[in-house]
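1. Any chance you could fold what I've pasted below:
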Amino acid sequence: MSEETVHLRPMREADLPDYVRWLNDPEITGNMIRSFPGVTVETARPWYQDPARETWAIEVAGRHVGACSLHLLGEGVAMVQRVIIGDKASWGKGYGKAAMRRLLERGFAELGLQELQIRVNAANARALALYRSCGFRQRSITRDVPREDGVRVDVVEMAITRAEWQAGGEERRP
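-> Numbers count the residues shown, from 1 in each chain. Take a look at the predicted model:
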């Protein structure tokens, strides 16, 4: 897979049915820190329309395979939210890493942010490895956090600063 084949584009209303289908699939959301029981296009719409959030569709060869977002917190900081590859045929191909690298580029090079943060289910070893490979470092862990479906998870909080991203060199950039 060439990272040039993975593109982020602003999410559109027409993308919401895919997104909702993915959020309602426990195989996809089982390792997330949140669950989304019964989410609908109507209940997902405020997330995608929130002016404090940039929402992106992840595309490969013109096909919508996932979604991600940056929630701008202010003071040069943003939270990365829901890097999700929902198209199961696209799992394990490096699309999530390519999308994350584009989000880092967007946050640091284009928006001038000083720090990006992310929260991850401690049981999600693949996501933790991906974020570490992109330069994120663990800051803390919060134990036994309840999800909407009643499952309790440990949440790892991670961050990367602009200086750390710049020091990472070309291997961390798209």
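2. Would you map the helices across this protein?
-> For the chain, helices defined by DSSP state H occupy the ranges 16-23, 26-29, 41-49, 95-104, 125-133, 162-167.
3. Highest mean neighbour count out of those?
-> Highest mean neighbour count of the helices of the chain: helix 95-104, a mean of 23 (counted as mean count of other CB atoms under 10 Å). C-beta: built from backbone N, CA, C; applies to glycine.
4. where does R139 sit relative to E115, distance-wise?
-> Per CB to CB, to the nearest Å, R139 is found 10 Å from E115.
5. still on that earlier bit, identify whichever of the helices of the chain lies nearest to V6.
-> Counting by CB to CB, V6 lies closest to helix 95-104 out of the helices of the chain; the figure is 3.8 Å.
6. For that closest one, give me every contacting residue.
-> Residues from elsewhere that reach helix 95-104 (CB atoms under 8 Å, 6 or more residues apart in numbering): 1, 3, 6, 8, 56, 58, 60, 65-66, 68, 70, 80, 83, 85, 116, 127, 130-131, 133-135, 160, 165, 172-174.
7. Could I get the average pLDDT for that helix?
-> Mean pLDDT, helix 95-104: 95.
8. Send over that helix as CSV, restricted to the C-alpha atoms.
-> The C-alpha coordinates for helix 95-104 follow below in CSV (Å, rounded to 0.1, in the frame of the first residue of the first chain):
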residue,chain,number,x,y,z
TYR,A,95,-4.9,2.8,6.0
GLY,A,96,-5.4,3.9,9.7
LYS,A,97,-1.7,4.7,10.0
ALA,A,98,-1.8,6.7,6.8
ALA,A,99,-4.9,8.6,8.0
MET,A,100,-3.2,9.3,11.3
ARG,A,101,-0.1,10.7,9.6
ARG,A,102,-2.3,13.0,7.5
LEU,A,103,-4.1,14.2,10.7
LEU,A,104,-0.8,15.0,12.3
